[in-house]
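Trainee: sequence first, then the predicted structure:
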Amino acid sequence: MQANPNTSDTASMTAMMVQTKDLALVIRHVLAGLGHGLHAGRERGAGVEFSEYRAYAPGDEWRRVDWKLLARADRYYVREAERDSHVATWLWLDATASMAEPSREIDGVDKLWFARTVLACVAAIAQRQGDAFGLVVCSGGKVEFTPATRGPRQLQRVLAQLSKARPEGGLPSAEVLKANLHFARSPSLIFAASDFLDWPSPLSEALLRLRNLRHDVRLLTLRTQAEVDASFKSGAGYRDPEQSDGLHRMSNRDRESYKQQSRAHFDSVAGSCRQNNIVHYEACIERELGAVLRSWLRLAGPHAK
Amino acid sequence: MLSSYPFWWFALPVLLLPIWWHRQKRQRIKAEPLATARFLPVAAPEQLRVWQWRDRVLLLVRCLLLLALIAWLAATIFPWRGNTVLLDAGADKAWAEREIGAAGFSDAPRIDLPPDALQSLRQHERDWRPDARLLIVSRAGQIAMPARLPRFSHPVEVRTMPVTGQVAAPSTVRHPVVLSTSPVNDVAWRSLFAAFEKAGDGGNRYVMATIPDAATGLVVWDVPGETPPAGWRAPHWWIAAASAQAATFPELKNAAAITIHGVTLRYVDSPRGRLWTSEAFPPRDADTARVLYEAWQSLSAAPAPAYPMPSQAFASAGASTATFIDARPAAWLAYVLLALFLLERILAHARRN
């Protein structure tokens, strides 16, 4: 196992980020860390479809002519770097009760906070690139739907919706989800953050359906370090926040079977994603948020259309 | 700490009851939420029974409540009085101070001598701490000699004023009377004593004087608004209703009243002597004068007991629980009990919510 000397720094930084209620501030902090990748790779970077040059045609705006290329090639080219104006970004937040699972190592951090912050960063990136973006929040058996548009005001709207999300209830039923998939007509990019403890579930089926409709679906599965290590306090009673199937116990004997079962579950999730050509990334919420975001977006790169 | 009903202390094991309550096993219903609980085996609820202390404050209050209740039922008494002087209000101040100093009670608190001194002392003896000593200072003839030697659990010393010639001789026919009246009532008073001389066997003679001497048995004071001269002493004083004002005779404020043959007499002991006053002073008619005579005759022997107790000291006879039988428990114990009960209810209510 590789020891990370920055673990405590990461923890204190994350703990500090949790303190603020201002998502915009956190986004600035995270994206500042991401800075170089974002600016230098503006065209090649995350979320931007590959751009191309095309020959100048009368009627094109002069400001869209690439003057450097003119100097090099002595021909007029227009940058078709239209930031995928027809590609909308959809942020999909799972805010069910199980997302309240806290990190047992860093105070104040839970899965919902992590998911909401990552999605807020994606929204900020999309906004900077001029993409339209919308938000889908699944909470308490309902779907909250924010239509996709562009601009800083949309970013504020989405951030407000993200901050408002509270972990409660279960996933919406398949019918409810299906009724809310009307955005599926145009091609879009879907970033979904959840713990994916229910798989298959109405959520997974909806995502698979979207994938089959040629949407680019990217999943972020959140876990905690305690879940990975099965390092829960033994002797205590536990209950599932979404299912009322009584008490569960944790003893030292149960750790191994817990590890095996959870590993098998997430392997099946990953397998299912691979089968359906869905980008799937699994991360612990104790990791540095910027690093997780970078890895997730980079993983998406080769799979991009 | 003394108890009248010490067998109540056998109820102390009741304290084990709340302890057992608070200590018993309960099935734990609290469980932490865990998103991945589905990967853990389901636990039977019986396996989560715990054996631990709960609500320690409530347990403490309940134990204290039971303890206070038992102490209250056992009529626990907390003696609080130390060395004390029981002082007769009518005793000569200077003589009393001398006696108190000689007995070594100079800085002991003083309380008034109750009417039936030895009997009431016996009843309230539990108020005194075991190491306390008592001193009774009184005039002669105020404390009756009991037939049997009284037994106290504290050392009690009795100091009575030595008998002087001022006590009226039992069967003399001469009654020296000092008459100090206003001119209006002078005739009424003189005719009253003239009637007294005729009454009974006619053997009484009332000798009028204006200044008391050692033999004076009675001073009649009927000068409204004036205080008698400081040096005047007599065993009995008759004070006319018009003169018995609070300004001139402040002692009369807490006078005791007796009614004999329809005449109400109020009397109080003061350093001057026993002060008497009545609406019938001076009597308006012959009937009132006769009734007053009868009342006075019936009273004249009463104040002095047949066998007055001389000065003497009683040693402590050791503690006897017999005197505590009708004792009442300390009053503050009841308040403590009430407060604890309220506290217990509040805490129990707070725990439920």
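Mentor: Now that the structure is in, tell me what you want to look at. The model shown is predicted, which means the values in this text are computed figures rather than measured ones.
Trainee: and what about the residue nearest in space to the middle of chain B, helix, strand or coil?
Mentor: Nearest to the mean C-alpha position of chain B, by Cα atoms, centre = their mean, lies residue B:114 at 5.8 Å. Judged by DSSP: H, G, I helix; E, B strand; the rest coil, the three-state class of residue B:114 is coil.
Trainee: quick one: the nearest residue to it once chain neighbours are set aside from residue B:258, how far?
Mentor: Of all residues not flanking residue B:114 in the chain, residue B:120 sits nearest, at 4.3 Å (Cβ to Cβ, 6 or more residues apart in numbering or on different chains). Backbone N, C-alpha and C define where each C-beta goes, glycine included. To residue B:258, residue B:120 is 19 Å away according to Cβ to Cβ, to the nearest Å.
Trainee: residue A:14 contacts residue A:290, correct?
Mentor: No. Using Cβ atoms under 8 Å, residue A:14 is not in contact with residue A:290, being 10.3 Å away.
Trainee: and the residue of the stretch 251-353 of chain B closest to chain A?
Mentor: Nearest residue of the stretch 251-353 of chain B to chain A (Cβ to the nearest Cβ) works out as residue B:351 at 21.0 Å.
Trainee: other residues contacting the helix or strand where that residue lies?
Mentor: Taking DSSP states H and E as the definition, one finds residue B:351 inside helix B:331-352. Residues outside helix B:331-352 that contact it (Cβ atoms under 8 Å, 6 or more residues apart in numbering or on different chains): B:55, B:57-58, B:61-62, B:64-65, B:68-69, B:71-72, B:76.
Trainee: what sits against residue A:266?
Mentor: A:196, A:221, A:223, A:282 are the contacts of residue A:266 under Cβ under 8 Å, 6+ apart.
Trainee: most neighbours out of the residues you listed, which is it?
Mentor: residue A:196 (26 neighbours; other Cβ atoms under 10 Å in any protein chain shown).
Trainee: where does it land in three-state SS?
Mentor: Residue A:196 carries the three-state label coil when classified by three-state DSSP.
Trainee: pretty sure it contacts residue A:207?
Mentor: No. In terms of Cβ under 8 Å, residue A:196 does not count as a neighbour of residue A:207; the distance is 9.6 Å.
Trainee: give me the common contacts of the two.
Mentor: Residues touching both residue A:196 and residue A:207 by Cβ under 8 Å, 6+ apart: residue A:219.
Trainee: now the residue lying closest to residue B:315 once chain neighbours are set aside: phi and psi?
Mentor: Distance criterion Cβ to Cβ, 6+ apart; nearest residue to residue B:315, sequence neighbours excluded, is residue B:155 at 5.9 Å. Main-chain torsions, residue B:155, degrees, to the nearest 10: phi -70, psi 120.
Trainee: and residue B:155, what's its pLDDT?
Mentor: At residue B:155, the pLDDT value in this model is 87.
Trainee: same check, this time on residue B:209
Mentor: Value listed for residue B:209 in the pLDDT field: 77.
Trainee: list the contacts for it?
Mentor: B:176-179, B:216.
Trainee: all strands of the stretch 201-350 of chain B, in order?
Mentor: With strands called from DSSP state E, counting those that start in this stretch, the stretch 201-350 of chain B shows them at B:205-209, B:218-222, B:236-240, B:256-260, B:263-270, B:273-278, B:312-314.
Trainee: select the helix or strand of chain B having the lowest average pLDDT value.
Mentor: The least trusted helix or strand in chain B, going by mean pLDDT, DSSP states H and E, turns out to be strand B:49-50, with a mean of 58.
Trainee: C-terminal to it, what's the next element?
Mentor: helix B:56-73.
Trainee: give me the helices and strands touching that following helix, please.
Mentor: Packing partners of helix B:56-73 (3 or more Cβ pairs under 8 Å, 6 or more residues apart in numbering or on different chains; DSSP states H and E): helix B:16-23, helix B:331-352.
Trainee: buried residues, the first one. List them.
Mentor: Using 16 or more other Cβ atoms under 10 Å in any protein chain shown as the burial criterion, the residues of helix B:16-23 that qualify are B:18, B:22.
Trainee: then stretch A:60-67?
Mentor: residue A:66.
Trainee: same check on stretch A:137-146?
Mentor: Result for stretch A:137-146 [16+ other Cβ under 10 Å]: buried residues A:137-140, A:143-146.
Trainee: what does that stretch rub up against?
Mentor: Here stretch A:137-146 makes contact (Cβ under 8 Å, 6+ apart) with A:92-96, A:134-136, A:157-158, A:161-162, A:165-173, A:176-177, A:180, A:203.
Trainee: distance from the chain centre to stretch B:181-193, please.
Mentor: Remark: stretch B:181-193 is offset 40 Å from the chain centroid, using Cα atoms, centre = their mean, to the nearest Å.
Trainee: go on, stretch A:185-197?
Mentor: On Cα atoms, centre = their mean, the centre of stretch A:185-197 falls 8 Å from that of its chain.
Trainee: is any residue of it near chain B?
Mentor: Yes. Using Cβ under 8 Å from any Cβ of the partner chain, stretch A:185-197 comes into contact with chain B via A:195, A:197.
Trainee: what about dumping the CA coordinates of that stretch to PDB?
Mentor: Once non-C-alpha atoms are left out, stretch A:185-197 reads as follows in PDB (Å, rounded to 0.1, in the frame of the first residue of the first chain):
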ATOM      1  CA  ARG A 185     -33.900  14.000 -27.500                       C
ATOM      2  CA  SER A 186     -30.800  16.000 -28.100                       C
ATOM      3  CA  PRO A 187     -27.300  14.500 -27.700                       C
ATOM      4  CA  SER A 188     -25.900  15.300 -24.300                       C
ATOM      5  CA  LEU A 189     -23.200  14.600 -21.800                       C
ATOM      6  CA  ILE A 190     -24.400  13.200 -18.500                       C
ATOM      7  CA  PHE A 191     -22.400  13.400 -15.300                       C
ATOM      8  CA  ALA A 192     -24.000  11.300 -12.600                       C
ATOM      9  CA  ALA A 193     -22.700  11.100  -9.000                       C
ATOM     10  CA  SER A 194     -24.100   8.500  -6.700                       C
ATOM     11  CA  ASP A 195     -23.100   5.700  -4.400                       C
ATOM     12  CA  PHE A 196     -24.800   3.200  -6.700                       C
ATOM     13  CA  LEU A 197     -25.600   0.900  -3.900                       C
END
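Trainee: now that stretch: buried residues?
Mentor: A:188-197.
Trainee: pretty sure residue A:10 contacts residue A:287?
Mentor: Yes. Judged on Cβ under 8 Å, residue A:10 makes contact with residue A:287 at a distance of 7.0 Å.
Trainee: rewinding a little: looking at this, the residue nearest to residue B:114 is in a helix?
Mentor: Yes. Per three-state DSSP, residue B:120 lies within a helix segment.
Trainee: for chain A, see how far away it is.
Mentor: As for residue B:120, its distance to chain A is 69 Å (criterion: Cβ to the nearest Cβ, to the nearest Å).
Trainee: still on that earlier bit, ok, the residue nearest to residue B:315 - contacts?
Mentor: Each residue near residue B:155 by Cβ under 8 Å, 6+ apart is listed here: B:133-134, B:313-316.
Trainee: likewise residue B:295?
Mentor: Contacts of residue B:295 by Cβ under 8 Å, 6+ apart are B:260-261, B:263, B:265.
Trainee: can you give me the domain boundaries for chain A?
Mentor: Following automatic domain parsing, one gets these domains for chain A: A:7-46+A:84-303, A:50-82.
Trainee: so how far is chain A from the residue of chain B most remote from its centre?
Mentor: Farthest-out residue of chain B from its mean C-alpha position, per Cα atoms, centre = their mean: residue B:39, at 80.8 Å. Taking Cβ to the nearest Cβ as the criterion, residue B:39 is separated from chain A by 4 Å.
Trainee: domain assignment for chain B?
Mentor: Chain B resolves into domains spanning B:2-32+B:50-78+B:330-352, B:84-164+B:307-320, B:174-300 when parsed by automatic domain parsing.
Trainee: weakest of those in terms of mean pLDDT?
Mentor: Minimum mean pLDDT among the domains of chain B: domain B:174-300, a mean of 76.
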